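Enquirer: sequence and computational prediction follow.
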Amino acid sequence: MPSIRNLPLRLAAGAFILNSGVEKLELDAESAAGYQQMAAQAFPKLAELEPAEFGKLLAAAESALGGALLLPFVPRVLAGAGLTAFSGSLLWMYHKTPGLTKDGVRPTPEGIAIAKDVFLLGIGLSLMLDALTRRKK
């Protein structure tokens with residue numbers, strides 16, 4: 001059963017991520033290659049994909065996650081786990097990409113756009129913790 005207290009978290013994160021995924025459905029090859037290069041800093045295996053294939057996978061993954069967060073029948077623990085994995089991957093990429101951090105953690109001006117994904121990590125963990133600690137009535 002969906003929890004109304006989680007609705008603002010799910011709507012905000014879901015709409016943001018779904019929009020990002022839909023926007024990436026029309027990625028040109030150069031943009032897809034740029035996203036891929038950044039992702040490969042943290043996950044080297046991604047460099048083996050063709051940029052167009054990577055772009056399609058990224059768009060599909062973001063769209064699916066955004067949709068899962070918006071759909072009330074998707075259990076919050078599952079939606080939270082997906083969001084936690086996604087945002088954790090983004091933060092790992094932030095950490096591994098040269099020029100995005102200073103002192104190892106704090107963002108440079110170029111890193112702020114990705115460092116803000118720490119909020120998505122907090123939302124994902126909150127959804128999971130709420131689902132796992134809420135007693136059934």
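Expert: Yep, that arrived.
Enquirer: now do the strands in this structure.
Expert: Under the criterion DSSP state E, the chain contains strands at 101-102, 106-107.
Enquirer: quick one: closest of those strands to Gly66.
Expert: strand 106-107 (23.9 Å; CB to CB). Where you see a C-beta, it was placed from the backbone N, CA and C, and this is true even at glycine.
Enquirer: could I get the contacting residues of Leu18?
Expert: Glu62, Ser63, Leu65, Gly66, Gly67, Leu69, Leu70 (CB atoms under 8 Å, 6 or more residues apart in numbering).
Enquirer: which of the strands of the chain is buried the deepest?
Expert: strand 101-102 (a mean of 14; mean count of other CB atoms under 10 Å).
Enquirer: just to revisit the earlier point, which one of the contacts of Leu18 is nearest Glu48?
Expert: Taking CB to CB as the measure, Glu48 lies nearest Glu62 of the contacts of Leu18, at 20.6 Å.
Enquirer: sorry, back to before: turn the strands of the chain into TSV, including distance to Ala42 and mean pLDDT.
Expert: Converted to TSV, those look like this (distance: least, CB to CB, whole Å; pLDDT from 0 to 100):
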stretch	distance to Ala42	mean pLDDT
strand 101-102	12	91
strand 106-107	16	92
